[in-house]
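1. 3D, please:
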Amino acid sequence: MRAEVSLALVGMVACVATANADVVTVEYLSRGEGRTVEAQRGSLVRNIFVGQLVHEFSNGTGQGELIEGTMISFCSDFNDRVATTPTVYDVVPVTLLPDDAPMGNDRAAAIDRIYTEAAGAQFGSNADDIAAAFQLAIWEIIYDFDEAAGRSSLNVAAGEFQARSSNGSPLSAGITTQLDRLLDAAVSGQGGNFLLGLRSDSRQDQLVLVPAPGAIALAGLGGLLAARRRRSA
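-> Sure thing, here's the model as predicted:
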């Protein structure tokens, strides 16, 4: 009898935990603004799109309720692929991304600072270079940033993460100018954004800026509408 009661209680606790979980269903829709580059993490080299990723978010619980509808996200996970079918993601602090090597506090703070520096331009239309640079800056921070070394640790020409033009030449001047500005801000800029991490064991982890009234939200909406009109998956 006691065993049966204990099992029942365990089941009730599991149901409550599931009901209160921070999750959201994620489905990749299309690319937005950005560029295709040759990127490398360790021995893995890929020609890859870098920039805005348009996802549909639904059925959120807990903090997942803050993420709803069609929104632009940026990737925190170089190795995995986007979720092209509806996939349940955990909503977690940015410090816990990516799932294979959580970035921790220093790198999460640096990413927060580049969101402030970009000021919503990474979500806009006609934003190929800034959107590409923003994605590259995220990966460079996640895989190479060292708080003690500061700005000298951030260089996409060397380190665990590297990036070049798709033909193997250096990145274009347009991307490089934006990237240098963002990486400078990663070390010396200001933070204060409301960022959430979306984590999956099997699909590409994502970063989401929680929408708010004002210029950033409007810029994101403009980029989204432009992306949906011109791009396909």
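2. okay, now the unreliable bits of this structure?
-> Applying pLDDT under 70 to the chain picks out residues 1-20, 212-233.
3. in it, which spans are helices?
-> 2-19, 104-118, 128-144, 173-188, 215-230 (DSSP state H).
4. quick check: R46 vs A39, distance?
-> Distance of R46 to A39, given as C-beta to C-beta, to the nearest Å: 6 Å. Using the backbone N, CA and C atoms, a C-beta is placed for each residue, glycine as well.
5. again with L53
-> According to C-beta to C-beta, L53 and A39 sit 15 Å apart.
6. equivalent analysis for A21, please.
-> Using C-beta to C-beta, A21 is found at 33 Å from A39.
7. same question, L136
-> Distance of L136 to A39, computed by C-beta to C-beta: 8 Å.
8. mutual contacts of these two, please.
-> Any residue near both L136 and A39 by C-beta atoms under 8 Å, 6 or more residues apart in numbering counts here, and that gives 50, 163.
9. those two: who's more crowded?
-> L136 (27 against 23; other C-beta atoms under 10 Å).
10. what pairs with the closest residue to that one other than its chain neighbours across the strands?
-> With sequence-adjacent residues excluded and distances taken as C-beta to C-beta, 6 or more residues apart in numbering, L136 is closest to A163, at 5.2 Å. Beta bridges link A163 to A39, judged by DSSP bridges.
11. E65 versus A163, what's the distance?
-> Distance, A163 to E65, by C-beta to C-beta: 35 Å.
12. next: T84.
-> 24 Å.
13. now G124
-> 26 Å.
14. try D112
-> Distance check for D112 against E65: by C-beta to C-beta, it reads 22 Å.
15. of these two, who's got more company?
-> Per other C-beta under 10 Å, whichever of D112 and E65 has more neighbours is D112, with 18 against 13.
16. double-check that one against F194; I have them as touching.
-> No - between D112 and F194 there is no contact under C-beta atoms under 8 Å: 9.5 Å.
17. if I pick the residue lying closest to G62 once chain neighbours are set aside, what's in contact with it?
-> Of all residues not flanking G62 in the chain, D22 sits nearest, at 3.5 Å (C-beta to C-beta, 6+ apart). By C-beta under 8 Å, 6+ apart, the contact set of D22 is 61-64, 90-92.
18. reformat these as TSV; add distance to S202 and neighbour count.
-> Shown next, in TSV, are the contacts of D22 (distance: C-beta to C-beta, whole Å; neighbours: other C-beta atoms under 10 Å):
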residue	distance to S202	neighbour count
T61	20	16
G62	21	14
Q63	21	17
G64	18	23
D90	12	19
V91	16	22
V92	15	18
